[in-house]
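K.L.:
model this:
(2 chains)
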Number of protein chains: 2
Amino acid sequence: MIGGELVPYCTIPAVFESVANGDTSLGVVPIENSIEGSVGITLDSLAHKFDLKIYEEIIIPINQNLIVNPESQMGDIKDVYSHAQAIAQCREFISKNNIQPHYAVSTARAAKDIMGDKTKAAIGNAKTAELYDLKILKANIQDMKNNETRFVVISKDDQVPTGHDKTSIIFSIYEDKPGGLYNILGIFQKENINLTKIESRPSKKGLGKYLFFVDFNGHKDDELIQKILCDIEENTYFLKVLGSYPEFK
Amino acid sequence: MIGGELVPYCTIPAVFESVANGDTSLGVVPIENSIEGSVGITLDSLAHKFDLKIYEEIIIPINQNLIVNPESQMGDIKDVYSHAQAIAQCREFISKNNIQPHYAVSTARAAKDIMGDKTKAAIGNAKTAELYDLKILKANIQDMKNNETRFVVISKDDQVPTGHDKTSIIFSIYEDKPGGLYNILGIFQKENINLTKIESRPSKKGLGKYLFFVDFNGHKDDELIQKILCDIEENTYFLKVLGSYPEFK
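P.N.:
Now for the predicted structure:
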């Protein structure tokens, strides 16, 4: 689906910056995980910091693995390093095996940092192990099934309608108008448009003040969706259309 | 408001366990920050893991400080340690000063870990510095104003009505019924009950399946609120009342 050269970046903001600067034409960033929830820095970057479009979505089942140095055995492991989300996804495994967890900025960085020390392990996917010539000591160590992560492809460009699209928007409601969210949901309800996601994030303007991230079926160029977006704009003080893109199958 | 002996715990689940076991009579845990959003582990503990009540709420303005060893100056600092939320709240300061951030399990643990090394700093409140005989090199280093954290006091017991109460609930809606959230918000709208918070969390059963955390004005023993809770129960497949407690002034 997406071709071209792959360029790794250390952090999510660095991916956004590379697309905004034109260093890369597309970026891939995680937006939500079925267990741990939304990735705050991705939502904040889409909402406030960059004017980029969601061009595509990709949903990937997550398998976390215990990654160690080639000579290392289970009894050797005293410390485990990974991104906070990966640590959170493997809490039971870590606690049962009496290993001390440590946070790293990314799973890749964790794998790099354990190289050469047989008492240390990292948590990550198979690709991460391969990258640093490490081995997978235990596969699928995550606590829960149904663990999948939704990634979005970000771009400067809009995606054309395909007939099976989703649209992502962010809005905030007038705080002094009661029932603000209820009225917005009513606009979708009236037109029988299915919401596939609704998430709230703090607006950073004080407790109780939210931005709402909503995904729904349809493309922003569809006549009905254009009417809905107009109605929403009239009832919100901030509305940003993040993009329309084909629904992941 | 709350008397008695103070007992520190290293993690949020440990606070919940101490109250559930009866080791402590009340626990204080952070539930949301105006900038970074909800504290997932607190919401998950309230929703799934413990049967404890919210007994009180406390809202505290957050001031983050750069904490160092007594002999340390700004030019000495190469690394900074703190909880991921505190690091996130000071991103601009850290980046501007070209310091390498590292995650710790808590701000207290970070302060303890930097003792004796003048190239290392921690981020935390004034109390944290005091606890380990460290000094505050720069005060109020957080990126944004309006930074406050809401804490809840958890207890086995219910709180009596005071006349100016809030109630917190969690619910999940039938996935095959469109407009589920719209209908629930309509129940509050019809009775003119003001929602002070609405947040979504993944139900951990797959992408697009949510638990909703809602706070509203009123006490669960009020006649009108009892009617509303009955109506909600009829329209959800899971409803848990987390407690009624006086609104923080």
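K.L.:
where does chain A get nearest to chain B, residue-wise?
P.N.:
Nearest to chain B, among the residues of chain A, is residue A:103, at 3.4 Å (Cβ to the nearest Cβ). (Glycine included, C-beta is placed from N, CA and C.)
K.L.:
that residue - nearest residue in space that isn't next to it in sequence?
P.N.:
Nearest-residue entry for residue A:103: residue B:103, 3.4 Å, with adjacent residues in sequence omitted and distances by Cβ to Cβ, 6 or more residues apart in numbering or on different chains.
K.L.:
what residues are bridge-paired with the one you found?
P.N.:
Assessed by DSSP bridges, residue B:103 has beta-bridge partners residue B:82.
K.L.:
let me see the contact set for it.
P.N.:
Counting by Cβ atoms under 8 Å, 6 or more residues apart in numbering or on different chains, residue B:103 makes contact with A:84, A:102, A:103, A:104, A:105, B:81, B:82, B:83, B:84, B:87.
K.L.:
ok, so of those residues, who is nearest residue B:21?
P.N.:
residue B:83 (24.8 Å; Cβ to Cβ).
K.L.:
which strand or helix spans the most centrally placed residue in chain A?
P.N.:
Nearest to the geometric centre of chain A sits residue A:31, at 1.6 Å (Cα atoms, centre = their mean). Using DSSP states H and E, residue A:31 sits in strand A:27-33.
K.L.:
tell me the mean pLDDT for whatever helix or strand comes next after that strand?
P.N.:
On the C-terminal side of strand A:27-33, the closest following helix or strand by DSSP H and E is strand A:37-38. What strand A:37-38 shows for mean pLDDT is 82.
K.L.:
could you do stretch A:80-88 as well?
P.N.:
Mean pLDDT, stretch A:80-88: 89.
K.L.:
gap between the two ends of it?
P.N.:
Taking Cα to Cα, to the nearest Å as the measure, stretch A:80-88 stretches 12 Å from start to finish.
K.L.:
which other residues reach that stretch?
P.N.:
Identification of contacts with stretch A:80-88 by Cβ under 8 Å, 6+ apart yields A:33, A:35-36, A:39, A:64, A:66, A:90, A:94, A:99-107, A:110, A:113-114, A:120-124, B:40-41, B:84, B:103.
K.L.:
stretch A:127-142 now?
P.N.:
Stretch A:127-142 has contacts (Cβ under 8 Å, 6+ apart) with A:35, A:62-70, A:72-74, A:77, A:89-90, A:93, A:107-108, A:111-112, A:114-115, A:121-123, A:126.
K.L.:
span of it from start to end?
P.N.:
By Cα to Cα, the extent of stretch A:127-142 from end to end equals 17 Å.
K.L.:
what residues sit buried inside stretch A:235-249?
P.N.:
A:235, A:236, A:239, A:240, A:241, A:242, A:243, A:244, A:245, A:246 (16 or more other Cβ atoms under 10 Å in any protein chain shown).
K.L.:
about what we covered before: are the strand holding residue A:31 and chain B in contact anywhere?
P.N.:
Yes: applying Cβ under 8 Å from any Cβ of the partner chain, one finds strand A:27-33 in contact with chain B at A:32, A:33.
K.L.:
before we move on, what about stretch A:52-65?
P.N.:
Yes: against chain B, stretch A:52-65 shows contacts by Cβ under 8 Å from any Cβ at residue A:59.
K.L.:
just the strands in chain A please.
P.N.:
In chain A, the strands defined using DSSP state E lie at A:27-33, A:37-38, A:53-61, A:65-68, A:79-82, A:100-103, A:120-124, A:135-138, A:148-155, A:165-172, A:195-202, A:210-217, A:238-246.
K.L.:
to residue B:5, which of those strands lies closest?
P.N.:
Among the strands of chain A, the nearest to residue B:5 by Cβ to Cβ is strand A:100-103 (29.1 Å).
K.L.:
next, the buried residues of that closest one.
P.N.:
Buried-residue list, strand A:100-103, by 16+ other Cβ under 10 Å: A:101, A:102, A:103.
K.L.:
let's have these in a markdown table, adding pLDDT.
P.N.:
Shown next, in a markdown table, are those (pLDDT from 0 to 100):
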| residue | pLDDT |
| --- | --- |
| A:101 | 92 |
| A:102 | 90 |
| A:103 | 86 |
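K.L.:
the strand holding residue A:31 pairs with which strands, and in what direction?
P.N.:
Here strand A:27-33 has these sheet partners by DSSP bridges: strand A:37-38 (antiparallel), strand A:148-155 (antiparallel).
K.L.:
which among those is found nearest to residue B:228?
P.N.:
Across the strands paired with strand A:27-33, residue B:228 has its closest neighbour in strand A:37-38 (27.0 Å, Cβ to Cβ).
K.L.:
lovely, talk soon.
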